[in-house]
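# give the three-dimensional model of this entry:
(4 chains, ligands or ions: 4)
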Amino acid sequence: MTQTVSTETEMVQALDAEGNRTPCPEYEDALSTLSADDMRRMYEDMVLLRRFDTQATALQRQGELGLWPPSLGQEAAQIGLGQALRPQDFVFASYREHGVAFARGLQPADLLGVFRGTSHGGWDPQKHRFHTYAIVIGTQTLHATGYAMGMNLQGRVGNQNPERDVATVTCFGDGATSQGDVSEALTFAGAYNAPVLFYCQNNQWAISEPVHTQTSADLYRRGEGFGVPGVRVDGNDVLACWAVAQQALDRVRSAAGPFFIEAYTYRRGPHTTADDPTKYRSGAEVEAWERRDPILRMQRYLHREGIIDEAYETELEERGEQFAAEVREACKAMPDPAPEEMFSHAYREPHPLVEEEKESYLAYLAALDEEADR
Amino acid sequence: MTQTVSTETEMVQALDAEGNRTPCPEYEDALSTLSADDMRRMYEDMVLLRRFDTQATALQRQGELGLWPPSLGQEAAQIGLGQALRPQDFVFASYREHGVAFARGLQPADLLGVFRGTSHGGWDPQKHRFHTYAIVIGTQTLHATGYAMGMNLQGRVGNQNPERDVATVTCFGDGATSQGDVSEALTFAGAYNAPVLFYCQNNQWAISEPVHTQTSADLYRRGEGFGVPGVRVDGNDVLACWAVAQQALDRVRSAAGPFFIEAYTYRRGPHTTADDPTKYRSGAEVEAWERRDPILRMQRYLHREGIIDEAYETELEERGEQFAAEVREACKAMPDPAPEEMFSHAYREPHPLVEEEKESYLAYLAALDEEADR
Amino acid sequence: MSAEATTMTMAAALNASLRASMERDSQVLLMGEDIGKLGGVFRITEGLQKDFGEHRVIDTPLAESGIVGTAIGLAVSGYRPVVEIQFDAFVYPAYDQIVTQLAKLHSRTGGTQPLPVTIRIPYGGGIGSPEHHSESPEAVFGHHAGLRLMTASDPHSAYWVMQEAIRSDDPVIVFEPKRRYWMRGEVDTEAAEPLGAARILAEGTDVTLVTYGPLTPVAQTVVTQAAELGISVELVDLLSLNPLGLDLLEESVKRTGRLVIGHEAPTFLGMGAELSARMVERAFYHLEAPIARVGGFHLPYPPSRMEEHYLPDLDRLLDAVEDVMTH
Amino acid sequence: MSAEATTMTMAAALNASLRASMERDSQVLLMGEDIGKLGGVFRITEGLQKDFGEHRVIDTPLAESGIVGTAIGLAVSGYRPVVEIQFDAFVYPAYDQIVTQLAKLHSRTGGTQPLPVTIRIPYGGGIGSPEHHSESPEAVFGHHAGLRLMTASDPHSAYWVMQEAIRSDDPVIVFEPKRRYWMRGEVDTEAAEPLGAARILAEGTDVTLVTYGPLTPVAQTVVTQAAELGISVELVDLLSLNPLGLDLLEESVKRTGRLVIGHEAPTFLGMGAELSARMVERAFYHLEAPIARVGGFHLPYPPSRMEEHYLPDLDRLLDAVEDVMTH
Ligand SMILES: Cc1ncc(C[n+]2csc(CCOP(=O)(O)OP(=O)(O)O)c2C)c(N)n1
Ligand SMILES: Cc1ncc(C[n+]2csc(CCOP(=O)(O)OP(=O)(O)O)c2C)c(N)n1
Ligand SMILES: [Mg+2]
Ligand SMILES: [Mg+2]
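Ligands and ions are numbered 1, 2, ... in the order given. As a prediction, this is how the structure comes out:
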């Protein structure tokens, strides 16, 4: 069996699995700036993300979604990054980054639509500064790098102005690191000193393949040979994820060049609702990672610090249930798009063949309707 | 101006630019096995390679070749590797590896045909254990890695049998390291512990682009993040190239896993005869590298050691001229292929459309001929 | 059908065909993402790693160019690799290796180096999947010489197409109609007759309908329904997309004088364009009406809640059949 | 032609067009391998880095997927990148980025994100180059919706096609006929009339000949020589390959009743297949003879000493014209 839990010691950590605050040498300054509110917000976001994810999984089982890729287990890695972002930053992510998406102001329906099959994305990337989910593994890392090159060209980094300097972030998985595109993104980022943060959630699995099928090396070191330094963080420790991301983002905004973070975590659910993980991994492994649950850990810490209490928890649970109800409703309210929508955005400027096909198909549908009416 | 000559100190070296034998710590054992004959052969091969290359360049100027990619300046890197290979090894190379090709028994006409336009390769890769030149940058690194995976599967490595254990080698340039395929080859090689040697001739230029356009990092470290360790060798020092290659090949044959060599050298000629390097680099840079000429260096050393003398040099020059004459003759003797040849090997098994097109085109040609005859 | 015929799904037929190939020839090995323990996301390789070992059923890193590129090297080292691409649109990262290397190496080596590589691609839509999981990319491979393209429309043809592909010394791409994986049918694993590049599934006299892969079962219903309307449809099913079984189609068109071509891939520059052009070249004076094409629109494959509008279906095919009859 | 017309090569016209675009719009930037100091291997970008700086004329690492992928990101950040692919067959490593990302992102973002990226590809053969330097890959991009494809056949059209491509908010691939880079012609940089998707270069009554890009100058000679044989050829030149200028072609075919299609790309699944199928759909009852296609063979592009046999030339086109006249 893969010993995925064993490398804990090499990672940046601020909270151990029991929720004890451990010394976090290079990040204590950053961590000391966190208020109780900040930390409570991290906890809340993780709890709500999980509630959302459970709800979405249920909606898939009920046939409301075609598929769902759960974020279960990766809450700390996603929320830690999400909260470290500034409004002006721009994120290019793959299909499992629900926590990051929420941090960018996306709505549940935006994400659900992609898996309900009403849209392939559909939101305005500029509005949220969060690009549409990428499904072809690794492609988004190049888009992020290009965007970051643009920020360099526009002088949007290195102005010592944290309100204005832009960090570009790309999120991807352990499996994605094998794709040529990801290496080319590291190449371009290194060559142009592009202000981009490579944020790799190593959740130990790419569908049924453990990370050692991809590589025998440590992922956080992947960028070095391209001129992109990196660090590994305990991806189940929201404080550490936040601190490492925050510092890396500052670095990137300051024009010091690209950076690579490996958030070492675990995908506790199936790859998607279509997957059967019992085919390829042991219950013992999953249980070992349950004991490192990111929410539990933070909960213990906040309780111990007196930042949250039972009353708060009860209220949070209620908010979670209400959120879930909204999610259910939003999902079911999403209508099937009308057929003419399909023809709307293939091109931005008029295209005679598309026009022709649209007209003839709509005429055909109308004729079918007429026939049916008779 | 790029300071391409400055990193000498970080490289494995056995002969300095003046041809003095310098201490070469990890490789002295290997070097001590070289006989005077061995070293003379290296020198000879370099001299003949250069004569060939000069002749081919001249043939291009005379219109006998469409194009020629000169190997000028890279003789040590190519011959050092070539002589370190064993008969059972297999090489997958790109279009400039004339020295390696000769070491595998290729004939001048084989190489010239590709640039005369009579063939895209045409030799049997199995016969020479040298695949056809790859022109699409980087693709061959994956073929080599796959071949090496095959050697693993067939138990053709790690038998402590140097006559039988197979090393697979792939040659590519500094520019090629940016291609996704090369990174994917490193990925597969690392993941499967494939017995493959990545042999990168960093000749400082990819057409008009200096190596720092590709990357800010050291190329010999590119593989580390994929689990492929590497070393940089002075690519203008044939003894060092041989020693480093020899040791790496042994390592690879012993099933210790993939390895990466960066041979730090310089492309002194144009990229191809179609190129005009004065557009992008200084004469001073080229001159600096002329002073590090690989042949001169070895010549000085061999003279000093009494391994070669004036008489030998005269005789070698004569052999060179004779070789050049043969090359000229072989080139001009190469007939234009008959049109039907074009239809011969697209498929191995019969293909009705190809048959149909062939028949109708040959009939058309015959009709044209008839018309002309009238 | 011989005594060996048994009823199974297309998925099971493909699995059995891969198994038979591996038993027959120890040089056959399988490569791909998640094909080992998981048996592939469609379970086509289910149980094969358990029975043949990790050295013959190889889980690869997540990199399609790498998979095809190393398969080429494995072929040069003597193997017959059978590569699984997880879904149609994920073949594009391997496009360069397929069209500049796999397709051309035999020719480049002057015919000395065979490249017996099979690439399996589950293709087509209709299963409610997200973006990139429902495309039909056959045409963009057909334009490049050096590759053979095959597909199947029922379990029996799937079994035999896979046999032929793996036996071929040319590189072959097998397009597997993923929405038919669960279709059941008789499979005769001892059949003696080769299936050929094209076959007539229903004889008819008024109009020829040619389809392949996932659309052929729909076309079979078209035949029945057209008959009710008094139209006799001859159904031609293509099993090879390169080379195309043009002789059989030509004969059919010459008999019926009318042709409807259906496929899921976009009409524009799709396989139907070539079929139409060839039939005009070969059977112009027999044509009594314009050739009709029914295919996907010139649009990105839409979100699944719209795919029923995108995919050619019974109604659209029947409509085209009726239409060419009124000319 | 206005007073601004000057005689120049197609290479110079393209260079002037890029320069004019960069002067007009500061968001236009150029990216590619060797386009800076060297000015590109064909010198199309000569002098532009010197005049606009390294930030607007960017030498990239040697990685086509990376070039297109980062161009997409640059477009999202507000630029209008113009990408040079060094030679036709070197576009294939970028195939995935082009067809799954560049072509689809506008649609994926619900029409909110324009992708004004231009990809310049020198294409076609006839210049005695090694393998991979002479291909015509337009068809394999045309099959994917979301891209516009353009080409040019003389310096003037090259100038204006590039203007239109860079101005478009859709991604455009411009196929530049590399063997015509040195062709001279009048260029009117102040021309007011748009050129359109297709244009008639010679009016004729007996047969329509449609070509594009590098073959059009050959087709012009066909027109002259056919006239000597008493055949009046109408020559249609396509400047847009997606969308196709079908209306103009249809009218021409309806007038002449005969059609010959020529291109360098392989006939099988080439642009000619679509043109033939469309004309059959639109002008069937006007056709007096089968439509003839003249294109490359279904073979890898051969070594240059054989390319004269591979490429459609004057004789083959003329032969086809005579042939359709005898039907
Ligand atoms: C190019 C490409 N190949 C294959 C797939 C199918 N696929 C979807 S997700 C996945 C595994 C991804 O693993 P990882 O990058 O670790 O991300 P995770 O799912 O674990 O978040 C695969 C193989 C794909 N989407 N794109
Ligand atoms: C995929 C691809 N893109 C572009 C080219 C055009 N090209 C040919 S050689 C070359 C530079 C190669 O540089 P390098 O890898 O350093 O090898 P060198 O020529 O220096 O030996 C380029 C860009 C190509 N052959 N293949
Ligand atoms: Mg993963
Ligand atoms: Mg180089």
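# strands of the stretch 1-150 of chain C, residue ranges please.
Counting by DSSP state E, counting those that start in this stretch, the stretch 1-150 of chain C has strands at residues C:6-9, C:28-32, C:57-59, C:80-84, C:118-123, C:148-151.
# one more: the stretch 51-200 of chain A?
Using DSSP E, counting those that start in this stretch, strands in the stretch 51-200 of chain A cover A:90-92, A:168-173, A:196-202.
# which is the next helix or strand following the longest one?
It stands for strand A:196-202. Going down the chain from strand A:196-202, the next helix or strand is strand A:205-206, by DSSP states H and E.
# mean confidence score for that following strand?
Mean per-residue pLDDT for strand A:205-206: 98.
# strands paired with the next helix-or-strand element following it, and their directions?
Downstream of strand A:205-206, the first helix or strand assigned by DSSP H and E is strand A:209-210. Counting by DSSP bridges, the strands paired with strand A:209-210 are strand A:205-206 (antiparallel).
# do the partner strand and ligand 1 meet at all?
Yes: using CB under 6 Å from any ligand atom, we find that strand A:205-206 touches ligand 1 at A:205-206. Yep, even glycine has a C-beta here, placed from its N, CA and C like the rest.
# is it true that A:Cys200 touches A:Asp218?
No: if you go by CB atoms under 8 Å, A:Cys200 and A:Asp218 don't touch, sitting 11.1 Å apart.
# pull up the overlap in contacts between these two.
Counting by CB atoms under 8 Å, 6 or more residues apart in numbering or on different chains, the common neighbours of A:Cys200 and A:Asp218 are A:Glu262.
# give me the more crowded residue out of the two.
Ranked by neighbour count (other CB atoms under 10 Å in any protein chain shown), A:Cys200 and A:Asp218 place A:Cys200 first, with 27 against 18.
# ok, the residue lying closest to that one once chain neighbours are set aside - contacts?
Nearest residue to A:Cys200, sequence neighbours excluded (CB to CB, 6 or more residues apart in numbering or on different chains): A:Glu262, at 5.0 Å. Contact analysis of A:Glu262 by CB under 8 Å, 6+ apart lists A:200, A:202, A:218-220, A:230-233.
# in a strand, A:Glu262, correct?
Yes: the assignment for A:Glu262 is a strand, going by DSSP: H, G, I helix; E, B strand; the rest coil.
# and it, bridged to which residues?
Beta bridges link A:Glu262 to A:Cys200, A:Arg232, judged by DSSP bridges.
# find me the pLDDT at it, would you?
Looking at A:Glu262, the pLDDT reads 98.
# give the contact list for residue 279.
In the absence of a named chain, this looks at chain A. A:208, C:37-39.
# let's do chain C instead
Shown in contact with C:Met279 (CB under 8 Å, 6+ apart): C:249-250, C:253, C:259, C:287, C:291.
# mind doing that once more with 6 Å?
Residues in contact with C:Met279 (CB atoms under 6 Å, 6 or more residues apart in numbering or on different chains) are C:253, C:259.
# tell me which other helices or strands the host helix or strand of A:Gly320 touches.
Secondary-structure element containing A:Gly320, defined by DSSP H and E: helix A:310-333. Packed against helix A:310-333 by the contact rule (3 or more CB pairs under 6 Å, 6 or more residues apart in numbering or on different chains; DSSP states H and E) you find helix A:36-61, helix A:108-116.
# what angle separates that helix from helix A:36-61?
Relative orientation of helix A:310-333 versus helix A:36-61 (axes from the mean of the first three to the mean of the last three CA atoms, to 10 degrees): 40 degrees.
# just give me how far helix A:310-333 sits from the chain centre.
Relative to the centre of its chain, helix A:310-333 is centred 21 Å away, using CA atoms, centre = their mean, to the nearest Å.
# after it comes which helix or strand?
Next along the chain after helix A:310-333, taking DSSP H and E as the criterion, comes helix A:352-373.
# quick check: the most centrally placed residue in chain C vs chain A, distance?
The residue lying closest to the centre of chain C (CA atoms, centre = their mean) is C:Thr151, at 2.0 Å. Per CB to the nearest CB, to the nearest Å, C:Thr151 is found 23 Å from chain A.
# hmm, back to that, name the nearest of the contacts of A:Lys279 relative to ligand 4.
Comparing the contacts of A:Lys279 against ligand 4 with CB to the ion places A:Ser208 closest, at 39.8 Å.
# count residues in the vicinity of residue 178, would you?
Picking chain A for this. Other residues near A:Ser178 come to 31 when the count uses other CB under 10 Å.
# wait, chain C
26.
# any idea of the pLDDT on it?
Reported pLDDT at C:Lys178 in the predicted model: 98.
# quick one, phi/psi of it?
phi -60, psi -30 (degrees, to the nearest 10).
# how close does it get to C:Val68?
Taking CB to CB, to the nearest Å as the measure, C:Lys178 and C:Val68 are separated by 20 Å.
# one step back: for ligand 4, which of the helices and strands packed on helix A:310-333 is the nearest?
Closest approach to ligand 4 among these is made by helix A:108-116 (43.2 Å; CB to the ion).
# quick one: that closest one to helix A:310-333, angle?
Put simply, helix A:108-116 runs at 50 degrees to helix A:310-333, going by the same axes, to 10 degrees.
# leaving out the residues flanking it, which one is nearest to the residue of the stretch 201-350 of chain A found nearest ligand 3?
Using CB to the ion, the single residue of the stretch 201-350 of chain A nearest to ligand 3 is A:Asn203, 4.2 Å away. Closest residue to A:Asn203 in three dimensions, ignoring its sequence neighbours and counting by CB to CB, 6+ apart: A:Arg267, at 3.8 Å.
# how about the spatially most central residue of chain A: what's its closest non-neighbour residue?
Of all residues in chain A, the one closest to the mean position by CA atoms, centre = their mean is A:Glu97, 2.1 Å from it. Nearest non-adjacent residue to A:Glu97, counting by CB to CB, 6+ apart: A:Cys171, 5.0 Å away.
# ok, now how distant is the one you found from A:Glu341?
Remark: distance between A:Cys171 and A:Glu341 (CB to CB) = 29 Å.
# about what we covered before: so what's the residue count around the residue of the stretch 201-350 of chain A closest to ligand 3?
26.
# which residues touch it?
Contacts of A:Asn203 (CB under 6 Å, 6+ apart): A:74, A:265-267.
# ligand 4 contacts on the stretch 251-374 of chain A?
By CB under 5 Å from the ion, no residue of the stretch 251-374 of chain A approaches ligand 4.
# roughly how far apart are the residue in the stretch 251-374 of chain A that ligand 2 sits nearest to and chain B?
With CB to the nearest ligand atom, the shortest gap between the stretch 251-374 of chain A and ligand 2 falls at A:Pro258, namely 22.9 Å. Here the criterion is CB to the nearest CB. By it, A:Pro258 lies 10 Å from chain B.
# ok, A:Thr57 next?
For A:Thr57, the distance to chain B equals 32 Å [CB to the nearest CB].
# A:Leu67 is in contact with that residue, correct?
No: contact criterion CB atoms under 6 Å: A:Thr57 and A:Leu67 do not qualify, at 10.4 Å.
# what's the local residue count around A:Asp309?
For A:Asp309, the count of nearby residues is 10 (other CB under 10 Å).
# how about it: what's its closest non-neighbour residue?
Spatial nearest neighbour of A:Asp309, excluding adjacent residues (CB to CB, 6+ apart): A:His303 at 7.2 Å.
# mind showing which ranges of the chain have poor pLDDT?
Using chain A. Within chain A, the segments meeting pLDDT under 70 span A:1-9.
# ah, no, chain C please
C:1-4.
# swap the cut-off to 50 and go again
By pLDDT under 50, the weakly predicted segments of chain C are C:1.
# how about the residues of it near ligand 1?
C:33, C:62, C:64, C:86, C:90, C:93.
# my read: the residue nearest to the centre of chain C touches C:Gly213, true?
Yes: between C:Thr151 and C:Gly213 there is a contact under CB under 6 Å: 4.1 Å.
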